[in-house]
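**Student:** coords below, sequence missing:
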């Protein structure tokens, strides 16, 4: 529950910042051209709101005039009396549904349009009465602000914390490759250095890991460091990156030296006498050097007992990709297989042979550090002015990678990966980490900027598309056409959102 709350708070804070900035872009552009803005809301407010500058108590508190907003009555096309608060300046408010926000611009056909007002002659302060180029600037302003926000955040992260990473060539233990990678020519212990297009600098976070996977998937040639020598591997050039990312065991995984970081009290490891700092060098007589090899041995034990295997997520493991396996079968056979012999090298250099009885889930009870903790890091500090070009380069590379990966959206696996707020929230760390939070906020800002500029009715890009057509053809689409386009766009977006939420539900339940 704690992890869920931390991620939820990060998601809400991220969205609040980006919504305010995005809608603020529209607001400032509209005010620049003297267009009236009726409402500016953070979060949606169906049926009711949490806070509004049109609330009498707040107006009294802020000493706004008039203290009570007058109410106007009108009759709609069905003869029904409609009550509206008279405009006395932009209404700033806080909604209760944290799924977005909105700026209601007078005379604009969108989800917040006032149909009765649109039937009246256009007023000079309305959106529809302005030249097409001004309306275009208003529509793209939010996207521009999102894009610039991401670049500024990336720059400030570099300025505040620098860039600390492990160069991939420093990962001297190399990588472990799955069966598919081995068929392509990779061998355990290889260190990928470059493709014919680009060199690899790191393999330490989701962004750099994605970059390496993407480069290998598109490469015709990959150069690896094997036993101190460079070896060229020929690649097909069209590997499905999404399948690479989803494979278990992973396509490639950093080898982790089999050094014990800590021992949990009362576990088989503690009872056997394993201590912090020990290195496991053999498992049932088979030499091992990494935790990757240790998990291979555990998998073999699992296969031995295995008529029935029930998998549950690992709790507290530093390598979350591994799974606990609850074995069901003959108790005597289970005890025999779970009794293992380990050769352990102590910190003083001696080697002891220990016997341990694993739990029914094949848990020993040791923890190990992330493999990168054993390597020497490099830190690049950035001055204030120096951070901006570096942030721009990084942001542009992230955007290009994101756009390139969208091609997988139209595949079966890609469609299944579509998610909504649950999927986005899972991108945030389980603990509050400010550098990581700001990096994710910048990434989501880029993602929102790109998605919003797509020429889909109801999105900023859809409005911009029709305005560009108007500039080119010098013919303005009719209000009726724009209303229907808006309805179709909203329907498509609601269907997509429903599908994404359904996918999140399936991931959560199953």
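**Tutor:** Cool, got the structure. If you're wondering where the values come from, they're calculated on a predicted model, not measured in any experiment. Residues are numbered from 1 along each chain as shown.
**Student:** State the distance from the closest residue to residue 264 other than its chain neighbours to residue 301.
**Tutor:** Counting by Cβ to Cβ, 6 or more residues apart in numbering, residue 264 lies nearest to residue 365, which is 4.5 Å off, once chain neighbours are set aside. (C-beta placed from N, C-alpha, C; glycine too.) Residue 365 sits 15 Å away from residue 301, going by Cβ to Cβ, to the nearest Å.
**Student:** ok, now residue 480?
**Tutor:** Plainly put, residue 480 is 70 Å away from residue 301 if you go by Cβ to Cβ.
**Student:** When these two are compared, which one has more neighbours?
**Tutor:** Comparing residue 480 with residue 301 by neighbour count (other Cβ atoms under 10 Å), the higher total belongs to residue 301, at 19 against 9.
**Student:** Name the nearest residue to that one, ignoring sequence neighbours.
**Tutor:** Using Cβ to Cβ, 6+ apart and skipping the chain neighbours, the partner closest in space to residue 301 is residue 337 (5.4 Å).
**Student:** Can you show me the strands along the stretch 101-250 of the chain?
**Tutor:** Chain-ordered strands for the stretch 101-250 of the chain, with DSSP state E, counting those that start in this stretch as the definition, fall at 163-165, 175-177, 191-195, 221-226, 229-234.
**Student:** which one of those is the most hemmed in?
**Tutor:** Among those, judged by mean count of other Cβ atoms under 10 Å, the one packed with the most neighbours on average is strand 175-177 (a mean of 24).
**Student:** Name the strands paired with it and say parallel or antiparallel.
**Tutor:** For strand 175-177, sheet partners with direction are given as strand 252-254 (antiparallel), following DSSP bridges.
**Student:** got the contact list for the partner strand?
**Tutor:** Here strand 252-254 makes contact (Cβ atoms under 8 Å, 6 or more residues apart in numbering) with 171, 173, 175-178, 181, 186, 192, 203, 212, 292, 321, 371-372.
**Student:** Could you do stretch 344-361 as well?
**Tutor:** Under the criterion Cβ under 8 Å, 6+ apart, external residues in contact with stretch 344-361 comprise 267-269, 271-275, 277-281, 301, 324-327, 334-335, 338-343, 364-365.
**Student:** Next one: residue 208 from residue 96, what distance?
**Tutor:** Between residue 208 and residue 96 the distance, using Cβ to Cβ, works out to 39 Å.
**Student:** likewise residue 485?
**Tutor:** In this view, residue 485 and residue 96 are 29 Å apart by Cβ to Cβ.
**Student:** Check residue 491 too.
**Tutor:** Distance, residue 491 to residue 96, using Cβ to Cβ: 24 Å.
**Student:** For stretch 96-115, what is the distance to the chain centroid?
**Tutor:** Taking the mean of its C-alpha atoms, stretch 96-115 sits 27 Å from the chain's own mean (Cα atoms, centre = their mean, to the nearest Å).
**Student:** Quick one: mean pLDDT over it.
**Tutor:** Along stretch 96-115, the predicted local confidence has a mean pLDDT of 80.
**Student:** Which positions in that stretch come out as buried?
**Tutor:** Neighbour counts over stretch 96-115 (16 or more other Cβ atoms under 10 Å) mark 98, 101, 102, 103, 104, 105, 106, 107, 108, 109, 110, 113 as buried.
**Student:** Residue 235 and residue 216 touch, don't they?
**Tutor:** Yes - the criterion here is Cβ atoms under 8 Å, and residue 235 meets it with residue 216 at 6.9 Å.
**Student:** residue ranges for the strands of the stretch 301-450 of the chain, please.
**Tutor:** Across the stretch 301-450 of the chain, reading from the start of the chain, the strands by DSSP E, counting those that start in this stretch fall at 308-313, 323-328, 339-345, 351-357, 366-367, 378-380.
**Student:** who does the fifth one pair up with?
**Tutor:** The strands that strand 366-367 pairs with in its sheet are strand 262-263 (antiparallel) (by DSSP bridges).
**Student:** List the contacts of whatever helix or strand comes next after the partner strand.
**Tutor:** Tracing the chain past strand 262-263, the next element assigned as helix or strand by DSSP states H and E is helix 268-272. When contacts are taken as Cβ under 8 Å, 6+ apart, the neighbours of helix 268-272 outside the stretch itself are 260, 263-264, 342, 354-359, 363-366.
**Student:** And stretch 442-461, by the same measure?
**Tutor:** Identification of contacts with stretch 442-461 by Cβ under 8 Å, 6+ apart yields 14, 18, 21-22, 110-111, 139-140, 142-144, 146-147, 149-151, 153-154, 157, 207, 395, 398-399, 402-403, 424, 427, 462, 464-465, 485-486, 488-490, 492-493.
**Student:** May I have the phi/psi pair for the most centrally placed residue in the chain?
**Tutor:** Taking Cα atoms, centre = their mean, the centroid of the chain lies closest to residue 427, which sits 4.0 Å from it. The phi/psi pair for residue 427 (degrees, to the nearest 10) reads phi -70, psi -20.
**Student:** quick one: contacts for residue 20?
**Tutor:** Residue 20 makes contact with 42, 101 under the criterion Cβ under 8 Å, 6+ apart.
**Student:** Which phi and psi values does it adopt?
**Tutor:** Note on residue 20: backbone dihedrals following degrees, to the nearest 10 are phi -60, psi -40.
**Student:** Throw the buried residues of stretch 96-115 into TSV and include distance to residue 65, thanks.
**Tutor:** Conversion of the buried residues of stretch 96-115 to TSV gives the following (distance: Cβ to Cβ, whole Å):
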residue	distance to residue 65
98	32
101	27
102	26
103	23
104	22
105	24
106	21
107	26
108	27
109	32
110	30
113	28
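**Student:** Name the spans of the chain whose pLDDT lies under the cut-off.
**Tutor:** Along the chain, the model assigns pLDDT under 70 to residues 1, 75-79, 82, 111-117, 307-330, 509-510.
**Student:** Pop the domain breakdown of it in here.
**Tutor:** 164-254, 262-369 (automatic domain parsing).
**Student:** among these, which is the most enclosed?
**Tutor:** Each of those was scored by mean neighbour count; the highest is domain 164-254, a mean of 17, by mean count of other Cβ under 10 Å.
**Student:** Can you check the distance spanned by that domain, start to finish?
**Tutor:** Domain 164-254 stretches 18 Å from its first residue to its last (Cα to Cα, to the nearest Å).
**Student:** count of neighbours near residue 42?
**Tutor:** Neighbour count for residue 42, taken as other Cβ under 10 Å: 20.
**Student:** Next up, the contacts around the nearest residue to it once chain neighbours are set aside.
**Tutor:** Here the nearest residue to residue 42 in space, its sequence neighbours aside, is residue 101; by Cβ to Cβ, 6+ apart that works out to 4.9 Å. With contacts taken as Cβ under 8 Å, 6+ apart, residue 101 has the following neighbours: 19, 20, 22, 23, 41, 42, 43, 44, 95.
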